[in-house]
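Q: give me the fold of what follows.
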Amino acid sequence: MVEFGSFDDICLKVTYPWCPLVGNSKLGAEAECYSRNIELGSTIIFQASTLVIDIVAFFMTIIMIWHIRTKYTAVGRKEMVTFFYLYLLLTVLDFVLISGIIPTSSSVYPYFTAGYLGLTSGLVWCLLLNGFVGFQFYEDGTALSLWSLRLSTLVVFGVMYFVSIATFKNIAGLKGSQPMGLFIMYFIFNGVGLLVYLVSQIILVVNTLNEYWPLGNILFSAAFFIIGQVITNLFSAKICDAVKHYLDGMFFGCICTLLAVMMIYKYWDSITQEDLEFSVGGQANVWEVKDNMADEDFAPYAQSTMGTNYYPSQGYSNNPYGPPPAINAQQQQYPYPAQPTGGHPGY
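A: Sure thing, here's the model as predicted:
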């Protein structure tokens, strides 16, 4: 049973990056079961299976960022791409920390871990503010919208970073043995932010859109995230024992988090409409003719069509006999005079 304000029970099941820095032991809390390590040269790589998912998440995020950036007229494009940039950076930090590239005994490990936790809360806050962009309280893409998003996200990052590093270093009244503040920020603050985002998007779809299909995307995202958290925090050790240390809960949790983020992108894409006049590439689509074509521009097309009755007047301005007569239906079907049968004409 998870004790409120303590990571001891959680860290016995899953190897979070901050587990070595909190707990009653000087070495922190260690998981009872975790996935196998691999050795590359003289370096031991931890959580190899989860690192594969991090690599997949990295490239998938780049693809989603590219697609968002090409939707030039979509609502909230710049705000949403900020969220995915943060997720991309969080994926890189997750790779560095859980792989053991930065050892837990390193003096910089607490600072990178605090940055990881700060990015986690900043990511949630950025997503929450993106949820309010669709209500058009202020115009999206403006300096007010972008800088309020960036600065407030930076503030949330700074608060979480301070709480984390103060907990790890036992300063400002915070202790690693009693990480109450860190627990509240990570589970309560982040959880409430995600819940508010989910509720706001349901309200937005129901009250604003004419179709409810986007609800499926956002509900799938929430379902993937919840399943991932349950597997990671409750069943990681059981999964690890069942598959003989080849996988653990972090592997499935990372997959579910990636799927949740992908469904957020799919949801945003489904509720935004792009102006067809400005397609990918920034050039106008030729969907309609804005100006009438001049006669001399249209003449080659008209003359190439059989049976047309159109002749430009300007082209025969110097002809004293005027334009040739129009071709009637019979002449169109038989363009040459019929030849008499039974002998040569003229004889």
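
Q: name whatever forms a beta bridge with residue 43.
A: Following DSSP bridges, residue 43 is listed with bridge partners residue 40.

Q: what is the burial count for it?
A: Here the number of neighbours of residue 43 (other Cβ atoms under 10 Å) works out to 10. C-beta here means a position set from N, CA and C on the backbone, and glycine is covered the same way.

Q: same question for the one 4 residues further on.
A: By the measure other Cβ under 10 Å, the count of residues near residue 47 is 26.

Q: next one: residue 242
A: 12.

Q: so what's it scoring on pLDDT?
A: Note on residue 242: pLDDT of 89.

Q: give me the below-cutoff pLDDT ranges for the stretch 51-200 of the chain.
A: Of all residues in the stretch 51-200 of the chain, none has pLDDT under 70.

Q: hey, where'd the helices end up in it?
A: Ranges of helices in the stretch 51-200 of the chain, per DSSP state H, counting those that start in this stretch, are 77-99, 109-133, 143-169, 180-183, 190-208.

Q: contacts for stretch 231-244 next, please.
A: 2, 10, 12-14, 31-35, 247-250, 252-253, 256 (Cβ atoms under 8 Å, 6 or more residues apart in numbering).

Q: redo that, cut-off 10 Å
A: For stretch 231-244, the external contacting residues (Cβ atoms under 10 Å, 6 or more residues apart in numbering) are 2, 9-10, 12-16, 31-36, 49, 187, 246-257.

Q: just the buried residues of these.
A: 10, 12-16, 31, 33-35, 49, 187, 247-257 (16 or more other Cβ atoms under 10 Å).

Q: ok, now how distant is the nearest residue to residue 150 once chain neighbours are set aside from residue 74?
A: Leaving aside its sequence neighbours, residue 150 sits nearest to residue 82 (Cβ to Cβ, 6 or more residues apart in numbering; 6.9 Å). Taking Cβ to Cβ, to the nearest Å as the measure, residue 82 falls 14 Å from residue 74.

Q: shared neighbours, the two?
A: residue 68.

Q: residue 114 against residue 163, yeah?
A: Yes: between residue 114 and residue 163 there is a contact under Cβ atoms under 10 Å: 8.4 Å.
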